[in-house]
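Engineer: I'd like to go over a predicted model; first the sequence, then the structure.
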Amino acid sequence: MTSDRSVVTPAVVRRVAELARLRLPDGDLERWSGQLSRIVAYIDQLAAIPESAFGADPPGQATPVRADEPRPGGGEQALESNAPRLLHGYGVVPRVVGSGS
Amino acid sequence: MDPTGILPGVVETAEAVVARRVSAVSVVEGALERIAAGDGRVRAFLEVTGDLALEEARAVDARVAAGEDLPLAGVPLALKDNIWVAGRRTTCASRILEGFRPPGDSTVAARLRHAGAVFIGRANMDEFAMGSSTENSASHVTRNPWDLERVPGGSSGGSAAAVAARFVPGGFGSDTGGSIRQPAACCGVVGFKPTYGRVSRYGLVAFASSLDQIGPLTRSVADAARLYRAVAGFDPLDATTADRQVGDPEGALPRGVAGLKVGFLEEASTGYLEPEVAESLETARRIFRDAGAHVVSVSVPRATAAIAIYYVVASAEASSNLARFDGVRYGPRATDADLNALYVESRTAGFGPEVKRRILLGTFALASGYYEAYYGRAMRVRQLLCADFDRAFAAADVIVCPSIPGPAFRVGEKTDDPLTMYLSDVFTVPASLAGLPAISVPSGLTRSGLPLGIQVLGPRFGEEAVFAVARAFEAGAGFPDALSPAAG
């Protein structure tokens, strides 16, 4: 329970936010770090379970396989009624190729 | 129809409509009147869709007149705002889904419609079902009908409050770590989470896919069984649904508990319990003994690790599921400057603080360098917990524990302390992680007049036993249906 500050540091929070496509103001990083560290310190109780407690992994429960048959999913209609920008039935996004980003 | 002033329940309403003692239209009009009179204080709904509901009620009356025997004829329901209903919006109480219109009914909504139910409105919730108080809604806070200064629990707090306030006889919520059972207990109503795989999630906005289940909230166990039966069963649109018989949950209700082994969860009694919660457990022991059950103690040692496991697993799955909300296909778009900015700014503006916290936690647990220590570890301990339950169910037919560690807390009491808020779900999360059916039944009131709940857990696909035991407890506890909450 004492290692929390060293795990979810403000630098780690910043990196994780980048991975999650979220922007956190620099001024908020300390607060996020404190909250997440406290939660992670609680989660760290899982690390205290001795390795001997775990047996062999049980067989996985696979989701049943179904026939791979195409069928209408309503996607076009959903796109048309919900897309923030639409042109000729396609969702519009900023230029991806050649934009330098 | 209602000389006592007690709003009829789900079964009673449907039977009255089928017998044509009352029309579906008049039932829905009554619900709309109660909502108009009381929801200004409770604020259970994000939107009341009165015109659509009346239109649906007219269609139900026509079906009844044509001789259809509908199990939910004319029953007005409050559906949580993460379940698709055709013709309505679905926002998950989030800015990032503002204005979203689903392509059609969820499987649950389609089955309810087929059974004759009517959708009265979109019930408030914690944003993306992340929370235990409904304070994380981007729209507004829902109040507990028993005490308007308190939260209704969460995340299906709107559905629970709408049923507790007697606006509607039933509702539906989703339960990922307790989000049906915990608000049900806080609001003095019944809340049921089916076995993982029993009810289709097609059209439920995903939070944590290995945990999410849809289930009913009602004022009685029999009503919950009726609603559950209408939606349960295999669905080709959800590959995780089980292709097996649902059975007869309503037929199981009168079975009683004589000769059954009712196992009280040891781990629920070893930690600190609020005195009145401990008293309610003792009362439950007496009720089951008096009803002829063999009351035993069972141990699920890893139940004490459940919250730690849950906040890794659920957050990891949420961070993945919520990656789809990026401003491209739906919801408000914050900028068109460039693609990365579009993603980042749309998500930053669209998600509230708790959703961001879970996404950050989940992304952390899945990130290179942390994955094995957090996600991998949590999944392995989850297997230990499942094995614990397997052993416990070898010693008892059902397991009993409290639903909540204490009565509903005050609005704002825990908002600055996420970990304390998370611990509100300490008794509900274990069944979620193991995929078990579990029901919360009102057990009585504290001395200050707030509801508490007792939970009954069954083995996977053991819904019939859960309903039978819950009904026996309900009969013994005698929670007064006529008791009007403060806002009723």
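Structural biologist: Good, I have the coordinates.

Engineer: residue B:37: neighbouring residues, count only.
Structural biologist: Residues near residue B:37, counting by other CB atoms under 10 Å in any protein chain shown, number 12. C-betas here are computed from N, CA, C, even on glycine.

Engineer: with residue B:276 instead?
Structural biologist: Neighbours of residue B:276 using other CB under 10 Å come to 18.

Engineer: what pLDDT does the model give the residue nearest to it when sequence neighbours are not counted?
Structural biologist: Nearest in space to residue B:276, with sequence neighbours left out and distances taken as CB to CB, 6 or more residues apart in numbering or on different chains, is residue B:446 at 4.8 Å. pLDDT, residue B:446: 95.

Engineer: residue contacts, residue B:446?
Structural biologist: Counting by CB atoms under 8 Å, 6 or more residues apart in numbering or on different chains, residue B:446 makes contact with B:276, B:407, B:452.

Engineer: so the last one, which of the three states?
Structural biologist: This means residue B:452. strand (DSSP: H, G, I helix; E, B strand; the rest coil).

Engineer: was I right to think it contacts residue B:276?
Structural biologist: Yes: when contacts are counted by CB atoms under 8 Å, residue B:452 is listed as touching residue B:276 (6.7 Å).

Engineer: which neighbours do the two have in common?
Structural biologist: Shared contacts of residue B:452 and residue B:276, defined by CB under 8 Å, 6+ apart, comprise B:407, B:446.

Engineer: so how far is residue B:410 from the closest residue to residue B:445 other than its chain neighbours?
Structural biologist: Sequence neighbours aside, residue B:451 is the residue nearest to residue B:445 in space, at 5.9 Å (criterion: CB to CB, 6+ apart). Separation of residue B:451 from residue B:410 (CB to CB, to the nearest Å): 15 Å.

Engineer: who has more neighbours, the two?
Structural biologist: The neighbour count for residue B:451 versus residue B:410, taken as other CB under 10 Å, is higher for residue B:451 (28 against 12).

Engineer: what's near enough to touch the more buried one?
Structural biologist: Residue B:451 sits in contact with B:146, B:185, B:186, B:187, B:188, B:407, B:408, B:442, B:444, B:445, B:479, where contact means CB under 8 Å, 6+ apart.

Engineer: pLDDT at it, what is it?
Structural biologist: At residue B:451, the model reports a pLDDT of 96.

Engineer: where along chain A do the strands fall?
Structural biologist: A:86-87, A:90-91 (DSSP state E).

Engineer: pick the most deeply packed of those.
Structural biologist: Mean neighbour count (mean count of other CB atoms under 10 Å in any protein chain shown) peaks for strand A:90-91 among the strands of chain A, with a mean of 12.

Engineer: what residues does that one touch?
Structural biologist: Contacts for strand A:90-91 (CB under 8 Å, 6+ apart): A:79, A:83, A:85, B:328, B:329.

Engineer: neighbours of the third one, just the number please.
Structural biologist: Summarising burial for residue A:85: neighbours were counted as other CB under 10 Å, giving 13.

Engineer: just say helix, strand or coil for residue B:408.
Structural biologist: For residue B:408, the assignment made with three-state DSSP gives coil.

Engineer: ok, it touching residue B:146?
Structural biologist: Yes: using CB under 8 Å, residue B:408 is in contact with residue B:146, at 7.3 Å.

Engineer: which of these two has more neighbours?
Structural biologist: residue B:408 (29 against 26).

Engineer: now the more buried one: how far from residue B:153?
Structural biologist: Note on residue B:408: its distance to residue B:153, by CB to CB, is 6 Å.

Engineer: which neighbours do these two share?
Structural biologist: By the contact definition CB under 8 Å, 6+ apart, residue B:408 and residue B:153 are jointly contacted by B:144, B:186, B:187.

Engineer: phi first, then psi, for the first one.
Structural biologist: Residue B:144 adopts backbone torsions of phi -80, psi 120, taken as degrees, to the nearest 10.

Engineer: contact partners for it?
Structural biologist: Contact analysis of residue B:144 by CB under 8 Å, 6+ apart lists B:150, B:151, B:152, B:153, B:161, B:164, B:186, B:187, B:408.

Engineer: same check on the second one?
Structural biologist: Applying CB under 8 Å, 6+ apart, one finds that residue B:186 lies in contact with B:144, B:150, B:151, B:152, B:153, B:157, B:160, B:404, B:407, B:408, B:451, B:453.
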